[in-house]
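> With the sequence up front, the predicted model follows.
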Protein chains: 4
Amino acid sequence: MQQTQAIVLAMFGTTVEAALGALLAIRDAVRQAFPQTPVRLAFTSNQIRRIWNRRAADPAYLAAHPDIPAEILQVQGPLAAIANLQDRGYDTLIVQPTHIVPAEEFHDLRSYVNGLNSIRTLKPRWQPFKTIALGRPLLGAYSLKHTYADDILIVARALAEDAALARRHDAALVYMGHGNHYFPSGGLYLEFAARMRQLYPDVRTLIGTVEGFPSLEEIREDLHLHGLRRVLLKPFLVVAGDHARNDLAGPEEDSWQSILIRDGVEVIPVLTGLGEQPAIAGIFVNHIAEAAADAGLKLS
Amino acid sequence: MQQTQAIVLAMFGTTVEAALGALLAIRDAVRQAFPQTPVRLAFTSNQIRRIWNRRAADPAYLAAHPDIPAEILQVQGPLAAIANLQDRGYDTLIVQPTHIVPAEEFHDLRSYVNGLNSIRTLKPRWQPFKTIALGRPLLGAYSLKHTYADDILIVARALAEDAALARRHDAALVYMGHGNHYFPSGGLYLEFAARMRQLYPDVRTLIGTVEGFPSLEEIREDLHLHGLRRVLLKPFLVVAGDHARNDLAGPEEDSWQSILIRDGVEVIPVLTGLGEQPAIAGIFVNHIAEAAADAGLKLS
Amino acid sequence: MQQTQAIVLAMFGTTVEAALGALLAIRDAVRQAFPQTPVRLAFTSNQIRRIWNRRAADPAYLAAHPDIPAEILQVQGPLAAIANLQDRGYDTLIVQPTHIVPAEEFHDLRSYVNGLNSIRTLKPRWQPFKTIALGRPLLGAYSLKHTYADDILIVARALAEDAALARRHDAALVYMGHGNHYFPSGGLYLEFAARMRQLYPDVRTLIGTVEGFPSLEEIREDLHLHGLRRVLLKPFLVVAGDHARNDLAGPEEDSWQSILIRDGVEVIPVLTGLGEQPAIAGIFVNHIAEAAADAGLKLS
Amino acid sequence: MQQTQAIVLAMFGTTVEAALGALLAIRDAVRQAFPQTPVRLAFTSNQIRRIWNRRAADPAYLAAHPDIPAEILQVQGPLAAIANLQDRGYDTLIVQPTHIVPAEEFHDLRSYVNGLNSIRTLKPRWQPFKTIALGRPLLGAYSLKHTYADDILIVARALAEDAALARRHDAALVYMGHGNHYFPSGGLYLEFAARMRQLYPDVRTLIGTVEGFPSLEEIREDLHLHGLRRVLLKPFLVVAGDHARNDLAGPEEDSWQSILIRDGVEVIPVLTGLGEQPAIAGIFVNHIAEAAADAGLKLS
């Protein structure tokens, strides 16, 4: 019988070559977990896709970067990735975002999936899709079955190594999340930090975001209140790309590292994307398996 | 020209007679602001509606409660409230929830509105609705134009009197929100509390929720950390109904009041619903005006 | 266990008191077939509803027409009829149009039903509707299971009495359907007439429509071609209302009767609505039962 | 400024190489009319696409058919055709079917377009599509502005050459349409034939369909009634593919040609697809222009 199931990994994407490893690591974990099922990458950012498409057409770039895989150079958005699978006979898809929280990017992706799932042909056998199941972000999404509280606990457990590293440095653990102005994701970040402090009470874990609430100000206030003078500074982002290199640990005076140093805090930056941590990639694998199971599918 | 605009106030509802005042106060503020526009109440809770419907059919109850208005006794859900207006020729509606955050109740109401707005007759003149505009909850909702940060600041400013009251008592100000397990509203509550502390720095404002994160535990920890021994305890709920009377300030040993007293904290409960505070009712009025304006309507 | 199923009969409506009988006859047949299930009437025509609403408020009219049932005087449109049932706890509805063909009115009604069925609450138990099933018009609608050809044959068989009456008069049988400009219903009428001629070969059955194709011209041409000089003229409409009384058999010179008489054809008008014929009312009953069965429901 | 408009021609498709010309002729007419706008072909039939995809991978086939254009060999379905345009930055599409009537194929295509148009990103600038406008079939579709009656008249005028050819042969003009069991398209065909007879009264034009009503029986009865013994037999199909070669004019005893010959009728088959007639291709061009104009677009 022909395989008609496939997986689409919907990623924001990155233009930083060195940061691609985090995305490819998630892809590899998914391929290893479901070896019979094709896995396609899609980048949701139009701007990032255009940069890769330009690079793909630039012989000098290609010669200088022989290791960039073709699926990155030719990467498409989620709509084309899904439609091209459909055109080849894959009618049962799991679309798994690598988003952290259900905010703008997830909202938009869900609208794509809902739009495609709303197509109804007169005869069921001509349906373009039997189903497109949508996996949830790392910290969960509006699910009666898989609640945020559970998802947050799973992530907090998976980051034991971060707490251990901070402990070894006798440092607080400070994460930078992305945040946003339009979806109230702040509570997810703060609940995650609270859970970390509960699981690893000897390490003070704090989190702030680049956009929206909570900000670095809340972190500085807490460090001050608790008299903490050394922090492990780490992105709470799938890839350690632009935000990690500039906003978090860049040399500009308004990077978090610069600000904290001016506060008299010793900063140990750790520029690893969450996708590079196998325990986190494994959570995305689980979200795929659960989205499939919730849709009555079995992946192999 | 015939008036074809109307307003539906979608409220969770309450069965506590004494708490009805908060809902009627919002209604009155809306009627006063838009005197030419009919205003209908709808209760979204099926259970609460059924209790009122039973009471409406119970002569003993009616005799004992002559002051309950007919529109409470006969209250319908949002679908029937909207449809009966449509049947009478009102084709342009503003549905304003009195929810605090965009969580389950708002999600469901929005699905009602989206479903009704999706109706397309062949001829535009037979459209049941020209538009149904949906107002946003007190603390905002997914809006590019009216961001959470702005909405939270407006609410924090409107509650200056709460801060003043706490200050007069030399007490921390502790709010109980509702919270939920399925929508990440915790950040909105926490951002609101952070904003209160910023606006009124001499009063430590904290907030927890009945369901989900943040909980009373976070409050107790903070009170302990800051050595605070007296709190003004107030519902961050539109009506001071069951939650306020039982979970917040009830005599049971697991009420917030009981727990805080056992912690050695002096508790001053204030059982006022937010709807009873004119500044808050005024925000709902503004949300109606803005929902109308964003839909190109002018209410009068 | 509480009955939560109900039936809504969606009718265009009529303002002609004498024509109401056809609608009430369908209602009665439905009530008799499903005695445990509430049946509500809805009129889809805004103009007709408004006339009834005015009459309902006019004491002189009421005194002069004591026999008009309250459910006609207070009749609502389909949205309010559905929503008021939902508000009383009916979450499983069959909406049965009394339309003849799937044209504008059915398209619009289907959009209402689709819009309401699209409502999705977070928790399944708060869904306003478990399902709203939509029955098909007399001559069918886009169904893989119940094809037009089958539905047309059923109607042609049910109208044996019309053919018999024409035969007794030694007349051709000429029907006037409604027709429309926007949905290609002409083929349904013509297929119906072809099937009648096949079932009752000794009677030449022809059909035309008030709007669109086929028109009276096609009928006149056929009568001429076949040398037919006497016709039984009958509305192919649920009620013998305005169209029957004016366009079909009115005294104006452009009524079908007047035109045919000028052609030298003897005309025997029969002003009976299809709804008055029990065999036709029985088809609507069957369409309700089949819509319910196709939705996995059992009516009683 | 970058061109972001494109046209997708959605065709059922054909596997008959000799019949491809009709489809390519429509494509060429569209390209000529809108030279600045990319035009993509899509085949809606999964089975036909798969045959072409197999051929594209078969070196022997390719060697034997060097003239088949790459866009046929690589042809995709409408979803992939649309999505790949979107991925390259085309956000404003006109999808023009080459269907004759609005039946199953058009219904399904419309559902694709509606599904894609329903996608709503939070920020308008990330919308995948500004709009996807759907052109109507040759004989029209549910449009208030472009009614069937008008569209049918336009087609009947465009087929003056068919009537002239029949006239030269002193033959009736008999068309074979496709027809279907689920959408009542019969009236469109019959109205078209009636309009032809009106425009070209010296030629008796009749039409039947392969599936559903009207069938060949109605044609035979009419030929008999009018004593017609010679017919020009022509497909009323965009391509003269399988149906034309087999059902219409094939050697099998149940082909229309065989049956008519047995009736004693002389048959002159004309195996031309409608797409090969420039006047018809021009109507599809007009439908594209009107769909664009109705959506507020200007194509160039």
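Everything's here; your move.

> Let me know the pLDDT of the residue in the stretch 201-300 of chain A positioned nearest to chain B.
Residue nearest to chain B within the stretch 201-300 of chain A: residue A:213 (4.1 Å; CB to the nearest CB). (Each C-beta comes from the backbone N, C-alpha and C, glycine too.) What the model reports as pLDDT for residue A:213 is 94.

> residues in contact with the helix or strand of chain A with the lowest mean pLDDT?
Using mean pLDDT, DSSP states H and E, helix A:242 stands out as the lowest-scoring helix or strand of chain A, at a mean of 85. With CB atoms under 8 Å, 6 or more residues apart in numbering or on different chains as the test, helix A:242 has contacts from A:14-16.

> In stretch A:259-275, which residues are buried?
Buried positions in stretch A:259-275, judged by neighbour count with 16 or more other CB atoms under 10 Å in any protein chain shown: A:259-260, A:265, A:267-275.

> So which of these belong to helices?
A:259-260 (DSSP state H).

> possible to save the buried residues of stretch A:259-275 as TSV with pLDDT and distance to residue D:253?
Below are these laid out as TSV (pLDDT from 0 to 100; distance: CB to CB, whole Å):
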residue	pLDDT	distance to residue D:253
A:259	97	90
A:260	97	90
A:265	98	93
A:267	97	90
A:268	97	88
A:269	96	84
A:270	96	82
A:271	94	79
A:272	94	77
A:273	95	72
A:274	97	71
A:275	97	68
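
> Check the offset of stretch A:45-60 from the chain's centre.
Its chain's C-alpha centre and that of stretch A:45-60 lie 21 Å apart, by CA atoms, centre = their mean, to the nearest Å.

> of all the buried residues of stretch A:259-275, which two lie farthest apart?
With CB to CB as the measure, no two of the buried residues of stretch A:259-275 lie farther apart than A:265 and A:275, at 27.4 Å.

> If we ignore the residues flanking it in sequence, what's nearest residue A:101?
Leaving aside its chain neighbours, residue A:101 sits nearest to residue A:185 (4.0 Å; criterion: CB to CB, 6 or more residues apart in numbering or on different chains).

> For that neighbour, give me phi and psi.
phi -90, psi -10 (degrees, to the nearest 10).

> what about it, how many residues close to it?
28 (other CB atoms under 10 Å in any protein chain shown).

> For the residue lying closest to residue A:13 once chain neighbours are set aside, give me its contacts.
The shortest distance from residue A:13 to any non-neighbouring residue, by CB to CB, 6+ apart, is to residue A:43 (3.1 Å). Residues near residue A:43 by CB under 8 Å, 6+ apart: A:11-13, A:49, A:52, A:75-77.

> now the helices for chain A?
A:20-33, A:46-56, A:59-64, A:70-73, A:78-87, A:104-117, A:148-158, A:160-168, A:186-199, A:216-225, A:242, A:256-262, A:278-294.

> Comparing these, which yields the minimum mean pLDDT?
helix A:242 (a mean of 85).

> Do I have it right that residue A:42 meets residue A:74?
No. Counting by CB atoms under 8 Å, residue A:42 stays clear of residue A:74, with 11.2 Å between them.

> And the two? Which one has more around it.
residue A:42 (24 against 12).

> what bridges to that one?
residue A:10, residue A:76 (DSSP bridges).

> Which pLDDT value goes with it?
Model confidence at residue A:42 (pLDDT) stands at 98.

> what's the answer for residue A:249, then?
For residue A:249, pLDDT reads 89.

> burial measure for it, as a count.
22.

> Also residue A:227?
Residue A:227, neighbours per other CB under 10 Å, totals 6.

> do the one 3 residues further on as well
For residue A:230, the neighbour count with other CB under 10 Å is 15.

> wouldn't it be in contact with residue A:261 here?
No. Contact criterion CB under 8 Å: residue A:230 and residue A:261 do not qualify, at 11.2 Å.

> Touching both of these two, which residues are there?
Counting by CB under 8 Å, 6+ apart, the residues touching both residue A:230 and residue A:261 are residue A:267.

> which two from the contacts of residue A:43 end up farthest apart in space?
A:12 and A:76 (14.2 Å).

> With neighbour numbers in mind, choose between the two.
Using other CB under 10 Å as the criterion, residue A:12 and residue A:76 rank with residue A:76 on top: 24 against 18.

> residue contacts, the more buried one?
If you count contacts by CB under 8 Å, 6+ apart, then residue A:76 has A:42-43, A:49, A:84, D:84, D:87 around it.

> How about the residues of chain A by chain B?
A:101-102, A:107, A:142-144, A:147-149, A:181-191, A:194, A:212-214, A:218, A:225 (CB under 8 Å from any CB of the partner chain).

> Could you identify the buried members of those?
When the residues of chain A next to chain B are checked against 16+ other CB under 10 Å, the ones flagged as buried are A:101-102, A:107, A:142-143, A:147-148, A:181-191, A:194, A:212-214, A:218.

> OK, now which residue of the stretch 151-300 of chain A is nearest to chain C?
Closest point on the stretch 151-300 of chain A to chain C, by CB to the nearest CB, is residue A:294, at 13.6 Å.

> what's the distance between that residue and residue A:116?
18 Å (CB to CB, to the nearest Å).

> who's more crowded, the two?
residue A:116 (25 against 15).

> pretty sure that one contacts residue A:131?
No. Assessed by CB under 8 Å, residue A:116 is found out of contact with residue A:131, at 10.0 Å.

> closest point of the stretch 1-150 of chain A to chain B, which residue?
For the stretch 1-150 of chain A, CB to the nearest CB, closest residue to chain B: residue A:147, 5.1 Å.

> ok, that residue - contacts?
Contacts of residue A:147 by CB under 8 Å, 6+ apart are A:140, B:181-182.

> Give me the pLDDT for it.
95.

> Need phi/psi at it.
According to degrees, to the nearest 10, residue A:147 has phi -80, psi 160.

> Relative to residue A:141, how far out is it?
For residue A:147 relative to residue A:141 (CB to CB), the value is 10 Å.

> again with residue A:168
For residue A:168 relative to residue A:141 (CB to CB), the value is 34 Å.

> ok, residue A:40 touching residue A:81?
Yes. With contact defined as CB under 8 Å, residue A:40 counts as touching residue A:81 (4.9 Å).

> Next to chain D in this structure, residues from the stretch 151-300 of chain A, please.
Checking the stretch 151-300 of chain A against chain D by CB under 8 Å from any CB, the hits are residue A:182.

> can we see that at 10 Å?
Residues of the stretch 151-300 of chain A lying close to chain D (CB under 10 Å from any CB of the partner chain) are A:180, A:182-183.

> what does the average pLDDT come to for stretch A:226-239?
So the average pLDDT for stretch A:226-239 ends up being 97.

> Which positions in that stretch come out as buried?
Per 16+ other CB under 10 Å, stretch A:226-239 contains these buried residues: A:228, A:231-239.

> Of the helices of chain A, which is nearest residue A:136?
Using CB to CB, the nearest of the helices of chain A to residue A:136 is helix A:278-294, at 5.6 Å.

> got the angle between the closest one and helix A:20-33?
If you take axes from the mean of the first three to the mean of the last three CA atoms, to 10 degrees, helix A:278-294 sits at 50 degrees to helix A:20-33.

> quick one, helix A:278-294 and helix A:160-168 angle?
150 degrees.

> which secondary structure elements does helix A:278-294 contact?
Here helix A:278-294 touches strand A:5-11, helix A:20-33, strand A:92-97, strand A:131-134, helix A:148-158, helix A:160-168, going by 3 or more CB pairs under 10 Å, 6 or more residues apart in numbering or on different chains; DSSP states H and E.
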